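> Provided below are the primary sequence and the corresponding predicted coordinates.
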Amino acid sequence: LLIDEYDVPIAKAAHYDYYDEMIDIISPFLGNALKTNLYLGRAVLTGCLRAAKESIFTGLNNLKICSVLDTGKDDISQGIGFTEKETGEVLSYYGLTDHYESVRNNYDGYYFGKNHMYCPWDVMSFCDDNHEKLDEDRNLISADNYWINTSGNDVIEEFMGFIRSEDVDKMQDLLDGKSITTEVRTSLCYGDLKNHNVNDFWTLLLYTGYLTFDPQYRSDTKNEYRLYIPNEEIKDCFKSKIMDFFKTNPEMRNSTGDLVKGLFEGNAEEVETKLNALLMKYVSIRDFATNAPKENYYHGFINGLLASGTSYMEEHKSNTESGDGYADIIAASKSSDSVAVLELKQTDRPFGARVVSAGRALEQILEKRYADVFIDDPSVKNIYAYGICFYKKICSVQVKKLK
């Protein structure tokens with residue numbers, strides 16, 4: 001008996017908040033098929049997260065777990081994907097050997113245990129799309145992105161509302177071709193995801209195929225792994241499904257566009273209104289239950305908003321050296337004729353303290369001369385300094401036009 005992607009309904013239920021009800025429904029089905037089925041010889045169950053923790057197999061104690069992280073089960077791991085040799089044989093069969101490098105760059109890079117593997121769906125889809133083009137026009141042969149439409153992303157996109165500033169930096173490192181080192185929860189199940197523990201974000205990306213791991217990495221910390229994006233195809237998926245979350249969410253996209261437009265018009269009231277609306281929707285009070293400086297969280301949140309790349313903005317830089325210090329954020333408009341310099345603060349006191357701290361942030365921009373580099377630049381017509389102070393899910397904004 002083969003039950004493929006057993007956890008798809010569970011993942012949907014976890015995202016739409018009927019997880020317990022789905023477990024009650026699915027348990028009898030799987031229990032009857034795998035536990036009390038007198039005619040069962042053997043069964044294979046596949047899914048992104050482990051089955052043993054979902055509490056749907058009470059009493060079933062002879063499951064043999066094979067995870068992508070298991071390095072001692074080569075016999076099983078080699079059956080999950082295509083090995084390098086198998087990929088070469090498939091391409092040779094279809095007459096596409098000359099395009100091996102393109103296939104390797106786009107569909108290679110995974111590790112299942114210690115085995116270096118290619119994604120079989122991608123390799124076969126590439127051959128299916130391109131083998132007939134050999135007799136037509138070889139220039140039409142291309143390595144398309146087949147993976148992007150095969151994976152559900154609801155849970156991952158939900159996590160985007162809870163990422164911290166250090167996680168934004170990690171995502172940028174991954175896109176830059178670097179690896180990140182983080183703890184992986186090998187026993188993670190969908191019921192755990194409702195807590196929105198951001199550390200589970202990386203585990204989820206690993207088990208859903210966005211990331212792979214380095215089997216040679218050894219850590220003194222239990223369950224710590226080095227993760228990276230396996231290939232160009234997944235890098236494109238990573239950008240479109242994760243880094244562009246703000247762009248693909250219509251409500252956030254519109255609010256962010258208005259926010260950025262307000263920045264380059266010196267409209268502090270508009271910036272404060274739009275930013276407060278985004279804070280109320282996408283920030284949880286649980287995000288402040290951390291020992292890390294709270295200001296770091298807000299810094300990451302603003303970076304994430306500006307990363308959506310609205311039509312009003314050319315680029316933005318974070319913690320860049322300017323004047324006598326490091327400006328929190330400097331953003332340039334699409335035409336590069338307007339610049340916004342942002343200094344961010346956080347307070348644990350409501351009401352008046354926000355306004356006072358926002359004013360001090362504004363003074364810091366002037367005292368540290370963060371904007372002086374743009375003063376004599378003839379191409380820059382407008383310079384706006386913004387002091388922004390956050391208190392939980394609300395903020396105060398002050399602006400001063402410097403040029």
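Looks like it arrived, so ask away. Residues are numbered from 1 along each chain as shown.
> which residues in the stretch 51-200 of the chain form strands?
Applying DSSP state E, counting those that start in this stretch to the stretch 51-200 of the chain gives strands spanning 110-112, 115-117, 180-183.
> state the mean pLDDT of the first one.
Spelled out, that is strand 110-112. Averaged over strand 110-112, pLDDT sits at 88.
> mind listing residues that contact it?
For strand 110-112, the surrounding residues in contact (C-beta atoms under 8 Å, 6 or more residues apart in numbering) are 68, 77-78, 80-81, 116-119, 209, 212-215, 230. For every residue, glycine as well, the C-beta is placed using N, CA and C.
> likewise the second one?
Residues lying outside strand 115-117 but in contact with it, judged by C-beta under 8 Å, 6+ apart, are 74, 77-78, 80-84, 108, 110-111.
> okay, and the helix or strand of the protein with the least pLDDT?
helix 245-248 (a mean of 54; mean pLDDT, DSSP states H and E).
> relative to A371, how far out is V123?
To A371, V123 is 53 Å away according to C-beta to C-beta, to the nearest Å.
> ditto for I234
40 Å.
> so where is the stretch 101-250 of the chain shaky, pLDDT-wise?
For the stretch 101-250 of the chain, applying pLDDT under 70 flags the ranges 149-166, 168-169, 194, 196, 241-250.
> re earlier: between I234 and A371, point out the one with more neighbours.
Between I234 and A371, I234 has the larger neighbour count (other C-beta atoms under 10 Å), namely 27 against 23.
> my read: that one touches Y146, true?
No: shown here, I234 and Y146 do not form a contact pair, counting by C-beta atoms under 8 Å, at 11.2 Å.
> now do the domain split for the chain, please.
1-65, 74-140, 153-246, 251-401 (the TED database).
> for the last one, the distance to its chain's centre please.
Which is domain 251-401. How far domain 251-401 lies from its chain's middle: 23 Å, per C-alpha atoms, centre = their mean, to the nearest Å.
> next: stretch 27-44.
36 Å.
> buried ones in that stretch?
Within stretch 27-44, the residues that qualify as buried are 27, 30-31, 34-35, counting by 16 or more other C-beta atoms under 10 Å.
> endpoints of that stretch, how far apart?
Its start and end residues considered, stretch 27-44 measures 17 Å (C-alpha to C-alpha, to the nearest Å).
> coming back round to it: now, among the contacts of strand 110-112, which is nearest to H15?
Nearest to H15 among these, counting by C-beta to C-beta, is G209 at 17.5 Å.
> list the contacts for that closest one?
With contact set as C-beta under 8 Å, 6+ apart, G209 has these partners: 110, 119, 147, 151, 234.
> correct me if wrong: the third one contacts E233.
Yes: taking contact to mean C-beta under 8 Å, the distance of 5.6 Å between W147 and E233 places them in contact.
> name the residues contacting each of the two.
119, 122.
> quick revisit: save the buried residues of stretch 27-44 as TSV, and put in secondary structure too.
Formatted as TSV, the buried residues of stretch 27-44 follow (DSSP: H, G, I helix; E, B strand; the rest coil):
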residue	secondary structure
S27	helix
L30	helix
G31	helix
L34	helix
K35	coil
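> quick check: the farthest pair among the contacts of G209?
Spatially, the most separated pair among the contacts of G209 is Y110 and S151, at 13.7 Å (C-beta to C-beta).
> between those two, point out the one with more neighbours.
Y110 (21 against 13).
> for beta bridges, what are the partners of the more buried one?
M117 (DSSP bridges).
> and the contacts of strand 110-112, which are buried?
If we count by 16+ other C-beta under 10 Å, the contacts of strand 110-112 have these buried: 68, 77, 80-81, 117-119, 209, 212-213, 215, 230.
> on that earlier part again, tell me the one of the contacts of strand 115-117 nearest T182?
Using C-beta to C-beta, these come closest to T182 at Y111, 16.1 Å.
> run a quick neighbour tally on that closest one.
19.
> what do you get for L174?
By the criterion of other C-beta under 10 Å, L174 has 23 neighbours.
> and I388, by the same measure?
Look at I388: counted by other C-beta under 10 Å, it has 27 neighbours.
> Y146 touches S125, doesn't it?
Yes: assessed by C-beta under 8 Å, Y146 is found in contact with S125 at 4.2 Å.
> between the two, which contacts overlap?
With C-beta under 8 Å, 6+ apart, Y146 and S125 have no common neighbours.
> ok, the contacts of strand 110-112 vs D176, which is closest?
So of the contacts of strand 110-112, ranked by how close each gets to D176 (C-beta to C-beta), first place is P230, at 15.0 Å.
> distance of that closest one relative to L204?
Going from P230 to L204 by C-beta to C-beta gives 16 Å.
> burial measure for the nearest residue to G47 once chain neighbours are set aside, as a count.
Closest residue to G47 apart from its sequence neighbours, by C-beta to C-beta, 6 or more residues apart in numbering: D7 at 3.7 Å. By the measure other C-beta under 10 Å, the count of residues near D7 is 22.
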